[in-house]
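**Q** Fold the following and give me the result.
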Amino acid sequence: MNIPKGKNIYFASDNHLGAPNKKMSLPREKKFVNWLDNVKQDAAAIFLLGDLFDFWFEYKTVVPKGFTRTLGKLAEISDAGIPIYYFVGNHDLWMNGYFEEELNIPVYHKPKTFTFNNKTFLIGHGDGLGPGDKGYKRMKKVFTNPFCKWLFRWLHPDLGVKLAQYLSVENKLISGEEDAKFLGEDNEWLVQYCKRKEAQKHHDFYVFGHRHLPLEINLNETSKYINLGDWINYYTYGVFDGETFKLHTF
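**A** Residues are numbered from 1 along each chain as shown. Below you'll find the model as predicted:
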């Protein structure tokens, strides 16, 4: 993708809409929609790197109630011809066609490489990558198992959604999240993952979410790891103008 002069690519992650409840989440949702309204003016593309919702599961004919402002704004932007790309997070693993069919937004379940103006990016949510985090990795295999998803669909949505929302907030093993404190490069699993990837193949930028911390770490002289932070405490987002990548606060 070539970025036209005066255009930018925008990145955001970890909104967790619906947490800890809909009433407390609503001001954050309105702020995010306001951000979408602002960036659409000069966006060449928008990347959403997962956990937009604190819980999302697509039954055959049902999706979770709510988030009308966000979904409507995404539809508006997509219909205007601005491409939006979505990477599932650990709280919205169970996407299965709704965004593609209703919003024309492609959904990715694994990190993917993109090239913008001759700059290469490896982009993803970030959960379960790198060494460690074995408890969550085992749990993720259960969550993504087709038979387990089939069993969950047999729960009535009123029961299934309520149960999943409770576990999403209360069970840190299921959420796969640690306290949002920088652990040092040697203990940050995503940093170690990016260093290993960089040793195999060069990327100019590694852009992830999941850690809920805005981070910019040089992996070497020509490669950088960036974590987008979140829309709970930091309200940070990334901007690539064709040459440089910067984190901003909204």
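
**Q** so Phe47 is in which element?
**A** strand 43-48 (DSSP states H and E).

**Q** Quick check: the nearest residue to Arg69 once chain neighbours are set aside vs Val62, distance?
**A** Of all residues not flanking Arg69 in the chain, Val33 sits nearest, at 4.9 Å (C-beta to C-beta, 6 or more residues apart in numbering). Quick note: C-beta positions are derived from backbone N, CA and C, even for glycine. Going from Val33 to Val62 by C-beta to C-beta, to the nearest Å gives 23 Å.

**Q** More neighbours: which of these two?
**A** Counted by other C-beta atoms under 10 Å, Val33 and Val62 do not tie: Val33 has more neighbours, with 16 against 13.

**Q** That one: which element?
**A** Per DSSP H and E: Val33 is located in helix 22-39.

**Q** for Gly242, same thing?
**A** Going by DSSP H and E, Gly242 is not part of any helix or strand.

**Q** Enumerate every residue touching it.
**A** Ile3, Lys5, Lys7, Asn8, Phe116, Asn117, Lys119 (C-beta atoms under 8 Å, 6 or more residues apart in numbering).

**Q** By pLDDT, give me the weakest of those.
**A** pLDDT across the contacts of Gly242 is at its lowest for Lys5, which sits at 90.

**Q** Show the backbone phi and psi for that one.
**A** Main-chain torsions, Lys5, degrees, to the nearest 10: phi -60, psi 130.

**Q** Show me where this protein dips below the pLDDT cut-off.
**A** Residue ranges of the chain with pLDDT under 70: 133-143, 160, 164-179.

**Q** Mind doing that once more with 90?
**A** Within the chain, the stretches with pLDDT under 90 are 1-2, 19-22, 55, 57-65, 91-94, 96, 128-187.

**Q** quick one, helices of it?
**A** For the chain, the helices defined by DSSP state H occupy 22-39, 68-79, 98, 134-144, 146-153, 157-170, 172-175, 189-200.

**Q** returning to that earlier point: distance to Ile46 and neighbour count for the contacts of Gly242 - can I get that in JSON lines?
**A** Below are the contacts of Gly242 laid out as JSON lines (distance: C-beta to C-beta, whole Å; neighbours: other C-beta atoms under 10 Å):
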{"residue": "Ile3", "distance to Ile46": "13", "neighbour count": "17"}
{"residue": "Lys5", "distance to Ile46": "18", "neighbour count": "6"}
{"residue": "Lys7", "distance to Ile46": "11", "neighbour count": "15"}
{"residue": "Asn8", "distance to Ile46": "10", "neighbour count": "20"}
{"residue": "Phe116", "distance to Ile46": "13", "neighbour count": "20"}
{"residue": "Asn117", "distance to Ile46": "17", "neighbour count": "13"}
{"residue": "Lys119", "distance to Ile46": "17", "neighbour count": "16"}
